[in-house]
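# structure of the sequence below:
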Amino acid sequence: MIFKLVIAIVVLVVGGLYIAYRVADRETKTAASFRASSGYETAALQHGTTAFRTYGPVGAPAIILVHGATLGSLTYQDYAAPLVAAGFRVVLYDQYGRGFSDRTDTPFSIDLMRAQLDGLMDHLDLGAVHLYGVSLGGAIVARFAAEHPERVITLGLQVPVIGGVNVSRSVMVARLPIIGPLLARLYAIPAIIQRGESFSPETETGQALMAHFKEQFAVMGTERMITQMITGDALSDRMDDHRTIAAAGVPAHFAYASDDPEIPAAEVEAAIAVYNAADAHQFTGGHFFSYGKVDELAALYAAFIESQTR
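This is a model prediction of the structure:
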């Protein structure tokens, strides 16, 4: 009798969890349908379709801007105009699992992101470029530069992931065994959406970006890939990469915040210290300090490139 009762309780609990998991499913569309009217170009790469945009003349020196963990390339489109005005071609693209790009069958990893960037550069017939990465994008460009220093003229790093990321408890629960996927859907993904909403400025453009940011979570496979990003190696220590890049002589430019709650300034400064005369600029304003400073940041990077290539 007791055994049957225990089995019944287990069945009810498991059944209830499964129903909660299914009811909370927010994914209703494909990546292809999501990007259909985006205005982005696409590249069919090894692991899936990558959505991208280019600005400026094809023959100009190229800067590829790599976005962070959750806010996709649309968030950084304001960097294009000042950089094009400074004489560059600018490439923005969405990483796999976010924005208008595919949600791949290949699990999310730092080397999947590196391979995507490598494939996009080949697709665009780009040899050596300037790379500018923000947050997780900083980790991706560092991984790329460590593996392919001959393809990187200069490296720009804005609030880059160096020694990992300080994430909230609501996000950390996705790393728990067995129940991690359920908790990711119920707690981690909502916490990530809330974090994005905290960044959104109360402007028409800001609200449009936020609508896009939230809508991407309706694309099938987004939750899975973001959970893999949290639980895998994408947010891991990149100091060895920076030592390799510095030894290869790739010039590096840093822009970071002394009061960033997610990327400790001490970790960024430890990375700066491994370079020979890195170009470093410290700000205040937290992880999203760049809001309202895009023209300044673009000018700083353009000036750095000029100092290294003239």
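# buried set for stretch 134-145?
For stretch 134-145, the neighbour count (16 or more other Cβ atoms under 10 Å) marks 134-145 as buried. In short, each C-beta sits where N, CA and C put it, glycine included.
# again with stretch 116-134
Residues of stretch 116-134 classed as buried: 116-121, 124, 129-134 (neighbour count, 16+ other Cβ under 10 Å).
# which one of these sits closest to residue 290?
Using Cβ to Cβ, residue 134 is the member of the buried residues of stretch 116-134 that sits closest to residue 290, with 7.7 Å.
# taking the buried residues of stretch 134-145 together, which two end up most distant?
Using Cβ to Cβ, the buried residues of stretch 134-145 reach their maximum pairwise distance at 135 and 145, which is 16.2 Å.
# which residues are in contact with residue 51?
Residue 51 is in contact with 35, 38, 40-42, 73, 93-94, 99-101, counting by Cβ atoms under 8 Å, 6 or more residues apart in numbering.
# want to throw those residues into CSV with distance to residue 206?
As requested, the contacts of residue 51 are arranged in CSV below (distance: Cβ to Cβ, whole Å):
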residue, distance to residue 206
35, 21
38, 18
40, 20
41, 25
42, 26
73, 16
93, 22
94, 19
99, 17
100, 19
101, 22
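# mind checking which of these are buried?
Buried among these by 16+ other Cβ under 10 Å: 35, 40, 42, 73, 93-94, 99-101.
# near residue 309, how many other residues are there?
Residue 309: 11 surrounding residues under other Cβ atoms under 10 Å.
# got phi/psi on the closest residue to it other than its chain neighbours?
In space, and not counting its chain neighbours, residue 309 is closest to residue 153: 6.9 Å by Cβ to Cβ, 6 or more residues apart in numbering. With angles defined as degrees, to the nearest 10, residue 153 sits at phi -80, psi -50.
# I'd assumed residue 127 was in contact with residue 153.
No - the criterion here is Cβ atoms under 8 Å, and residue 153 misses it with residue 127 at 9.5 Å.
# helices of the protein, residue ranges please.
With helices called from DSSP state H, the chain shows them at 2-23, 31-35, 80-85, 110-123, 136-147, 169-172, 180-183, 189-199, 204-215, 222-231, 239-248, 265-273, 294-309.
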